[in-house]
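S.K.: sequence isn't available, so here's the structure alone:
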């Protein structure tokens with residue numbers, strides 16, 4: 001006879017792994033909701049900004065040239081570089097690289113969920129101020145900036 005907790009077709013997780021997966025999923029959802037709503041106010045809606053966002057700079061928020069490139073160089077390129085192969089990549093997928101502005105634009109949204117969750121880079125996560133800079137860059141439309 002089914003227990004009361006199984007009423008309505010819901011089966012509670014039984015294994016530790018299932019419970020951890022559910023908790024992890026809830027945590028990621030929470031982080032994504034916070035990240036999505038933190039762009040409110042006077043910031044540009046990243047969904048309405050054109051890809052690449054123009055030249056950026058000034059009070060428009062961070063740009064790749066002025067702010068993001070150094071964050072990526074220090075924290076991502078040790079593993080996510082086209083010059084790395086095999087074990088040099090420390091498990092990083094071979095198609096996820098940040099060597100150039102174009103590669104950063106192609107990969108930043110996928111990486112951002114892990115950056116904001118504090119699991120990338122895997123050794124210690126990105127510093128909170130750098131996480132905010134990445135979020136602000138995305139909200140500004142991923143501008144390249146002036147060299």
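M.R.: On my side now, so go ahead. Note that this is a predicted model, so its numbers are computed, not measured.
S.K.: C-alpha from now on. contacts and neighbour counts both.
M.R.: Noted.
S.K.: shaky segments in the chain?
M.R.: Within the chain, the segments meeting pLDDT under 70 span 1-14, 16-59.
S.K.: again, only this time at 90
M.R.: Of all residues in the chain, those with pLDDT under 90 make up the ranges 1-60, 147.
S.K.: ranges for the helices of it?
M.R.: 16-37, 69-75, 101-117, 128-139 (DSSP state H).
S.K.: which of the residues in the third one are buried?
M.R.: The reference is to helix 101-117. 101, 104, 105, 108, 112, 113, 114, 115, 116, 117 (16 or more other Cα atoms under 10 Å).
S.K.: now those residues in JSON lines, with distance to residue 93?
M.R.: Formatted as JSON lines, these follow (distance: Cα to Cα, whole Å):
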{"residue": "101", "distance to residue 93": "18"}
{"residue": "104", "distance to residue 93": "14"}
{"residue": "105", "distance to residue 93": "16"}
{"residue": "108", "distance to residue 93": "14"}
{"residue": "112", "distance to residue 93": "15"}
{"residue": "113", "distance to residue 93": "16"}
{"residue": "114", "distance to residue 93": "14"}
{"residue": "115", "distance to residue 93": "16"}
{"residue": "116", "distance to residue 93": "19"}
{"residue": "117", "distance to residue 93": "19"}
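S.K.: of all the residues you listed, which comes closest to residue 78?
M.R.: The shortest approach to residue 78 among the buried residues of helix 101-117 belongs to residue 104, at 14.4 Å (Cα to Cα).
S.K.: so residue 116 is in contact with residue 133, correct?
M.R.: No - using Cα atoms under 8 Å, residue 116 is not in contact with residue 133, being 10.8 Å away.
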